[in-house]
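**Student:** turn this into a model:
(one chain, ligands or ions: 1)
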Amino acid sequence: MAYFTEHGLLHKYQSGFRTNHSCETILLKLTDDWLEAIDKGLFTGVDMIDLRKAFDVVDHALLLRKLEIYGLDFNTLKWFQSYLDGSSQKKDYEDNVASWAFDTNITDYNSAVKVQVSLAYSKAYAEIQKNASRFDLSKLKEDAAQQIKFLRNSTELKNQTELKEAENLGSKMSKLYSTATVGTASFSPELVDIMAKSRDYNKLLNAWWGWRNESGRKIRDLYRRYVYLTNKGARENGYTDRGQEWRGKYEVDDFGAIVEKLWNDLRPLYLEMHAYVRHKLRKVYPGKVVEDGYIEAHLLGNMWAQSWVNIFDLVEPYKNKSSLDVTSNMKTDPRYNTAEKLTKLAEEFFLSLGLKRLPAAFYQKSLLQKPKDRGVVCHASAWDFRLYKDVR
Ligand SMILES: *[C@@H]1O[C@H](CO)[C@@H](O)[C@H](O)[C@H]1NC(C)=O
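**Tutor:** From the prediction side, this is the model:
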């Protein structure tokens, strides 16, 4: 903007995006002109053009030519061009759509499409990165420099065959993981249910082992290769490994030390809680839980022992206090008893925090319940497609 102002490139009545100009000032000026015209007995006609999507209405080639005449350099022009034709955003969107199609309908065909689209996106992204590398960051404002820096980050494998192999491995692992079953029990809802509700030591152990035999064991060799390729890609781009790139996103040098400190702050409380839960579980599973040491993971109500809420009834400290758990009430209350109503309730909560309402398409496009006719990745996840206000 400074550039435009400095070089007097804007029309004097251009009121958006300028200091000391606004909707109010231009309206004042216009009404003043009209009143003056009325006073003089003149006739006033008004053309109103809705330019909310201004960039879509003007001729892009003309606009770019004009910017060039105004002295914008090659790099900046390239960026305008990329923005205007939206090609990178569209590729990113297509990439998301293909991933979505696969995750909500696991078939070999959808996997192949996903890999193909993803490779096309990689190619386009390499071009974007090449353009991004042309900028001199020291000449840019901090936030712009930051964004360009993010664009430059890459951990992509240079070798196309390896890149494709890594993509395929990702799809294969995803498929194995999401379609694994123990006997006839699939992960969700059957195994999740067993882990949450069963209090039978052996049944829990079978579910835990069975799941790992069917998922982890089958994925292991693919994963080993995947990790190798992923780290290789990171090294080819100047990182020591992929982990370094991940941690880099937090933009602090001592990320490891920060996490270590947080954990040490929490540790005394965690140890006490662990000992308390272990003590309670010794009574539920006599002879199965050690007095001092680890609690076996399958006894904690969750396939990864991540959340222990499902065994609350076993460890509840104050039994006769009223319960805060509203699950059973919500299941029967006609206001909340479907997946869609429950989602709307959750949305109300976020609205109450001042966040925006979901676009209507969210409720048509999302997969709120596990379909019976096909394999899907049945982990709750939130998707932002970053274009067309598409969130699912
Ligand atoms: C799942 O994907 C297949 C392609 O592999 C397609 O033919 C089928 O219609 C899809 N099913 C749904 C419900 O989208």
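
**Student:** what about stretch 303-318, start to end distance?
**Tutor:** 26 Å (C-alpha to C-alpha, to the nearest Å).

**Student:** wait, I meant stretch 284-302
**Tutor:** End-to-end distance for stretch 284-302: 17 Å, by C-alpha to C-alpha.

**Student:** stretch 183-198 too?
**Tutor:** Its start and end residues considered, stretch 183-198 measures 17 Å (C-alpha to C-alpha).

**Student:** pull out the buried residues from it.
**Tutor:** 185, 186, 187, 188, 191, 192, 194, 195 (16 or more other C-beta atoms under 10 Å). In short, each C-beta sits where N, CA and C put it, glycine included.

**Student:** got the domain boundaries for this protein?
**Tutor:** Residue ranges for the domains of the chain, per the TED database: 1-48, 49-85.

**Student:** winner for burial among those domains?
**Tutor:** Comparing these by mean neighbour count (mean count of other C-beta atoms under 10 Å), domain 49-85 ranks first with a mean of 12.

**Student:** re the thing from before, just give me the least confident of the buried residues of stretch 183-198.
**Tutor:** Comparing pLDDT over these, the lowest score belongs to residue 188 (84).

**Student:** excluding chain neighbours, what is closest to that one?
**Tutor:** Counting by C-beta to C-beta, 6 or more residues apart in numbering, residue 378 is the residue found nearest to residue 188 once chain neighbours are left out, at 4.2 Å.

**Student:** ok so, going back, closest to the ligand out of the domains of the chain?
**Tutor:** Of all the domains of the chain, domain 49-85 sits nearest to the ligand, with 30.1 Å by C-beta to the nearest ligand atom.

**Student:** now the closest one: mean pLDDT?
**Tutor:** The average pLDDT within domain 49-85 is 74.

**Student:** for residue 335, see how far away residue 344 is.
**Tutor:** The spacing between residue 344 and residue 335, counted by C-beta to C-beta, to the nearest Å, is 10 Å.

**Student:** the more surrounded of those two?
**Tutor:** residue 344 (15 against 10; other C-beta atoms under 10 Å).

**Student:** ok so that one is a helix residue?
**Tutor:** Yes. Assessed by DSSP: H, G, I helix; E, B strand; the rest coil, residue 344 belongs to a helix.

**Student:** tell me the secondary structure at the residue nearest to residue 188.
**Tutor:** With three-state DSSP as the criterion, residue 378 reads coil.

**Student:** now it: how far from residue 106?
**Tutor:** Going from residue 378 to residue 106 by C-beta to C-beta gives 10 Å.

**Student:** report the contact partners of the closest residue to residue 111 other than its chain neighbours.
**Tutor:** Closest residue to residue 111 apart from its sequence neighbours, by C-beta to C-beta, 6+ apart: residue 171 at 4.3 Å. If you count contacts by C-beta atoms under 8 Å, 6 or more residues apart in numbering, residue 171 has them with 102, 111, 114, 115.

**Student:** how about the nearest residue to the last one, chain neighbours excluded?
**Tutor:** In other words, residue 115. Among residues not flanking residue 115 along the chain, residue 167 sits closest, at 4.6 Å (C-beta to C-beta, 6+ apart).

**Student:** got the residue ranges for the helices in the stretch 201-350 of the chain?
**Tutor:** Here the stretch 201-350 of the chain has its helices, by DSSP state H, counting those that start in this stretch, at 201-214, 216-236, 242-248, 255-284, 312-315, 327-332, 339-352.

**Student:** just the buried positions in the fifth one, please.
**Tutor:** This means helix 312-315. Buried-residue list, helix 312-315, by 16+ other C-beta under 10 Å: 314, 315.

**Student:** the residue of the stretch 201-350 of the chain found nearest the ligand and residue 178, how far apart?
**Tutor:** Nearest residue of the stretch 201-350 of the chain to the ligand: residue 339, at 17.2 Å (C-beta to the nearest ligand atom). Computed as C-beta to C-beta, the residue 339 to residue 178 distance reads 19 Å.

**Student:** next: residue 327.
**Tutor:** According to C-beta to C-beta, residue 327 and residue 178 sit 26 Å apart.

**Student:** neighbour count winner among the two?
**Tutor:** Legend: neighbour count by other C-beta under 10 Å for residue 327 and residue 178, higher for residue 178 (19 against 7).

**Student:** which residues touch that one?
**Tutor:** Contacts of residue 178 by C-beta under 8 Å, 6+ apart are 103, 106, 187, 375, 376, 377, 378.
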